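**Student:** give me a model of this one.
(one chain, ligands or ions: 1)
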Amino acid sequence: MFGLIGHLTSLQHARKACADMGFEEFSEQGLDFWCSAPPRIIDDIKVVSATGQEIEGRYVESFFLPEMLAAKRIKAATRKVLNAMAHAQKNGVDITALGGFSSIIFENFKLEQIKRVRNLDLDFRKFTTGNTHTAYVICKQVEEAAPKLGIDLAKATVAVCGATGDIGSAVCRWLTARTGIKELLLVARNQERLNNLQEELKFGQVKTLEDALPEADVVVWVASMPKGVEVEPDSLKQPCLMVDGGYPKNIDVTFDFPGVTVLKGGIVEHTLDIDWRIMHIVNMDVPGRQLFACFAESMLLEFEKLHTNFSWGRNQITLEKMDLIGEASRRHGFRPLLT
Ligand code: NDP
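**Tutor:** Coordinates of the predicted model:
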């Protein structure tokens, strides 16, 4: 059995989604309530592979909201993640993806040091961040969508916002080794980590976001920002491809400008319908078939009976692992979203 630990993108989103999640009575509640709510399994899922194999899974809502970080409710945020992990493990899940901010909180607050949750010892081998598959899917989206827009990657400058993160660094490794892009622009806040990445890649230039955007033919957004930033469209090249893998999205969702194509990054579409409700709740365009690549990673590990923390720790994603999960992804009928 596979598991997915997820959360909603804001208090506003959570209030709107209450009825769909089966607890309408919570829709007037404020952040305090969400800080204290225990995790719940709100969806039982069946997925059929393109090979015909069938698996079952569960979606655990952690009740974490990005506002908890902004309001410095760190204890609440970390408790949400640990309690959701314990809940998944107690309910017999063999491999669970830590969706969106769950894995970021786990890493940032070093939760591997807290193995015991009440009377349960967490078995970290039963969890995966899902970031290897997410990075792979984003790279494929860049490789396949850019030529369709008339962008020749061999002549292209690609900016990665969130370059030093777990997903961002893997994307940078792939772009450097596999695509032959002309230039790579590395964007994040911490200068030391940026310099270390540039040294590891032996490629790319460190830039601020303001300097990188006007130079970029392609922008990959994988920064862990609790809210989307506003982008000044007049400064961008045309055509420009933006692959936004953030959850919540890195670019303001209302952004719409001719000549600039924004692709939902890190999203896959399955060949067959999936029997679930959760993707309706997160407003996926085709909720029966489209899903986050990190969630798909736990499905792939279940299909492959690889009950192990395939993606774990920060900046450990290798090209070999991206190849392996990419091959499984194709075999079981998932493909990167291209429209
Ligand atoms: P990490 O925490 O590992 O990395 C985040 C990166 O963002 C770092 O490089 C960080 O560097 C940078 N960053 C944070 N804030 C800013 C900012 N204001 N400006 C510029 N850079 C910034 O995160 P992950 O790689 O695990 O995840 C990245 C994003 O992908 C998140 O939004 C996450 O929710 C999403 N995600 C999507 C998935 C999917 O399936 N589509 C799956 C998993 C995650 P610094 O702190 O130095 O600025």
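
**Student:** okay, now Asn283: neighbour count?
**Tutor:** Neighbour count of Asn283, defined by other CB atoms under 10 Å: 12. All C-beta atoms are positioned from the backbone trio N, CA, C, and that covers glycine.

**Student:** typed the wrong thing, it's Ala17
**Tutor:** What Ala17 shows, counting by other CB under 10 Å, is a neighbour count of 21.

**Student:** now swap in Arg189 and tell me
**Tutor:** When neighbours are counted by other CB under 10 Å, Arg189 comes out with 11.

**Student:** let me see the contact set for it.
**Tutor:** For Arg189, no contacting residues are found, by CB atoms under 8 Å, 6 or more residues apart in numbering.

**Student:** using the three-state scheme, assign it.
**Tutor:** coil (DSSP: H, G, I helix; E, B strand; the rest coil).

**Student:** for it, what are phi and psi?
**Tutor:** Dihedral pair for Arg189: phi -100, psi -40, per degrees, to the nearest 10.

**Student:** all further residue positions should be reported with the first residue as 52.
**Tutor:** All right, first residue 52 from here; so that's Arg240.

**Student:** that one and the ligand, how far apart?
**Tutor:** Arg240 is 3 Å from the ligand, where distance means CB to the nearest ligand atom, to the nearest Å.

**Student:** and the residue of the stretch 202-351 of the chain closest to the ligand?
**Tutor:** Evaluated by CB to the nearest ligand atom, the stretch 202-351 of the chain has Gly216 as its residue closest to the ligand, separated by 2.0 Å.

**Student:** could you check how many residues crowd around Gln242?
**Tutor:** 10.

**Student:** again, but for the one 3 residues further on
**Tutor:** The number of residues packed around Leu245, counting by other CB under 10 Å, is 19.

**Student:** might one say that the residue of the stretch 202-351 of the chain closest to the ligand is in contact with Val273?
**Tutor:** Yes. Counting by CB atoms under 8 Å, Gly216 touches Val273, with 5.9 Å between them.

**Student:** so between those two, which is more surrounded?
**Tutor:** Neighbours per residue, other CB under 10 Å: of Gly216 and Val273, the larger number sits with Val273, 30 against 25.

**Student:** state the distance from the more buried one to Met335.
**Tutor:** Remark: distance between Val273 and Met335 (CB to CB, to the nearest Å) = 19 Å.

**Student:** show me where the stretch 252-390 of the chain has its strands.
**Tutor:** 256-257, 269-272, 291-295, 311-315, 318-321, 341-343, 385-387 (DSSP state E, counting those that start in this stretch).

**Student:** ok, the residue nearest to Ala128 when sequence neighbours are not counted - contacts?
**Tutor:** Nearest residue to Ala128, sequence neighbours excluded (CB to CB, 6 or more residues apart in numbering): Met119, at 4.4 Å. Counting by CB under 8 Å, 6+ apart, Met119 makes contact with Leu82, Trp85, Cys86, Ile125, Ala127, Ala128, Lys131.

**Student:** got the residues of this protein near the ligand?
**Tutor:** Counting by CB under 6 Å from any ligand atom, the positions of the chain adjacent to the ligand are 151-152, 154-155, 181-182, 185, 212-219, 238-241, 244, 273-276, 296-298, 317, 343-345, 365.

**Student:** ok, now which ones touch the closest residue to Lys199 other than its chain neighbours?
**Tutor:** Excluding the flanking residues, the one nearest Lys199 by CB to CB, 6+ apart is Leu389, at 7.6 Å. For Leu389, the contact set (CB under 8 Å, 6+ apart) comprises Gln192, Glu195, Ala196, Lys199, Leu314.

**Student:** any idea how far Asp295 is from Leu389?
**Tutor:** 14 Å.

**Student:** now do the shared contacts for those two.
**Tutor:** Leu314.

**Student:** circling back to that earlier point, select only the buried ones of the residues of the chain next to the ligand in ChimeraX?
**Tutor:** A single ChimeraX command selects the buried members of the residues of the chain next to the ligand (16 or more other CB atoms under 10 Å):
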select :151,152,154,155,181,182,185,212,213,214,215,216,217,218,219,238,239,244,273,274,275,276,296,297,298,317,343,344,345,365
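
**Student:** phi and psi next, for Asn142.
**Tutor:** Main-chain torsions, Asn142, degrees, to the nearest 10: phi -90, psi 20.
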